[in-house]
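Enquirer: Provided below are the primary sequence and the corresponding predicted coordinates.
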Amino acid sequence: MISLKDLEFLSALARRRHFARAAEDCGVSQPAFSMRIRKIEERLDTPIVRRGNRFLGFTAEGEALIRHARIIVEDMKAMEQEFRSAKGEVTGRLAIGVIPTAVVFAARAVTAVRRRHPGITFGVYTATSLAIQQGIENGLYDAGITYSEGVSRDLLQVEDVYAETYLLLAPSALAPRVAGEVTWAEAAELPLSLLEPGMMNRRIIDQVFAEQGLVPSVITETSGFIASMELAAQGLAATIAPRLLIESFGGLRGTVALPLTGPALEKQVSLVTPLRDPRLPTVQALRRAVREAS
């Protein structure tokens, strides 16, 4: 008979799609993890994993088993949390996928939840908007803070939380002016440090430049904003970043932050959670905190 522990191992492999990382999540060695999966296959007398030099996915039988495993594991997790919350305490671990532009808002939401429910622990992971959606669907994340655009609303619940606006953060020596506004055309003339092309924020910025017929001078690409902001502070390059993120630092030495206009740009950021019941008490606590923060 397949045990709950077997289903947890399978769910971990479906999340990570990598034997070593799944084994780490389950707190066992990779050989022990692989042996457990083989034992499940022997018990079912059918292969459930496609193997090569690395994990290649699941067989059709494996995919069917994973669908049931996710439901059972999630229901057990919900039952445990609901049992504790019935006694007045909300506990458990909450994994949140967050786009890089929303890390400040995510930190504020986590703080608000912890003040009310100190028994909740968090994992906050930066990821692309696509990876966040996929992570929620396969159980890697319990919730996501991401762009509303492109979210599969037939699978996920979407709650708008704030409109993201943008500033040009430039070294004082390179800035077109020290106060007022700046156009995208002026920004394109500066050496820029932007996020990597695969990230939604970069695609948003590239689209604005393209619509204006502008070709920006991008000298550095990063996976997060901190490096780009430090480059601005060092006088090497300007960057385009969310107002919320820049203002949270209270100003960086040797830089000027100017709102971008012509056009003024806004993108909606939302809390995204699984569209299924029962909902985890930890996720419900996050939703309440986000509503109040927004």
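Expert: Happy to help now that I have it. What you see is a predicted model; the values in this text were computed from it and never measured.

Enquirer: can you pull out the low-pLDDT segments for the stretch 151-294 of the chain?
Expert: Applying pLDDT under 70 to the stretch 151-294 of the chain flags residues 276-278.

Enquirer: next helix or strand past the helix or strand containing residue 13?
Expert: Element membership for residue 13, per DSSP states H and E: helix 4-16. Of the helices and strands lying after helix 4-16 in sequence (DSSP H and E), the nearest is helix 19-26.

Enquirer: got the CA positions of that next one in PDB?
Expert: The C-alpha coordinates for helix 19-26 follow below in PDB (Å, rounded to 0.1, in the frame of the first residue of the first chain):
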ATOM      1  CA  PHE A  19      16.100  14.100  -7.500                       C
ATOM      2  CA  ALA A  20      18.800  15.800  -5.400                       C
ATOM      3  CA  ARG A  21      16.600  18.800  -4.600                       C
ATOM      4  CA  ALA A  22      13.600  16.700  -3.900                       C
ATOM      5  CA  ALA A  23      15.600  14.500  -1.600                       C
ATOM      6  CA  GLU A  24      16.900  17.600   0.300                       C
ATOM      7  CA  ASP A  25      13.300  18.800   0.700                       C
ATOM      8  CA  CYS A  26      12.400  15.500   2.200                       C
END
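
Enquirer: tell me the contacts of residue 273?
Expert: Residue 273 sits next to 136, 142, 143, 144, 156, 157, 159, 279, 283, 286, 287 when contact means CB atoms under 8 Å, 6 or more residues apart in numbering. No exception for glycine: its C-beta is placed from N, CA and C like everyone else's.

Enquirer: bridging residues for it?
Expert: In this entry, residue 273 is beta-bridged to residue 157, by DSSP bridges.

Enquirer: gap between it and residue 132?
Expert: Computed with CB to CB, to the nearest Å, the distance linking residue 273 and residue 132 is 11 Å.

Enquirer: quick one: list the elements packing against the helix or strand hosting residue 133.
Expert: Using DSSP H and E, residue 133 sits within helix 129-137. Packing partners of helix 129-137 (3 or more CB pairs under 8 Å, 6 or more residues apart in numbering; DSSP states H and E): strand 92-98, strand 143-147, strand 156-164, strand 267-274.

Enquirer: and the ones you listed as a markdown table, adding distance to residue 181?
Expert: A markdown table is the format used below for the helices and strands packed on helix 129-137 (distance: least, CB to CB, whole Å):
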| stretch | distance to residue 181 |
| --- | --- |
| strand 92-98 | 29 |
| strand 143-147 | 24 |
| strand 156-164 | 17 |
| strand 267-274 | 18 |
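
Enquirer: give me phi/psi at the closest residue in space to residue 258 that isn't next to it in sequence?
Expert: Excluding the flanking residues, the one nearest residue 258 by CB to CB, 6 or more residues apart in numbering is residue 182, at 4.2 Å. Dihedral pair for residue 182: phi -140, psi 150, per degrees, to the nearest 10.

Enquirer: wait, what's in contact with residue 182?
Expert: With contacts defined as CB under 8 Å, 6+ apart, residue 182 is in contact with 168, 175, 176, 258, 259, 260, 261.

Enquirer: 10 Å instead, please
Expert: 167-168, 170, 175-176, 190, 238, 240, 256-262 (CB atoms under 10 Å, 6 or more residues apart in numbering).

Enquirer: same check on residue 132?
Expert: Residue 132 makes contacts with 96-99, 125-126, 140-141, 143-147, 151, 156, 200, 272, as judged by CB under 10 Å, 6+ apart.

Enquirer: tell me, how many residues neighbour residue 260?
Expert: When neighbours are counted by other CB atoms under 10 Å, residue 260 registers 21.

Enquirer: thank you kindly, that will do.
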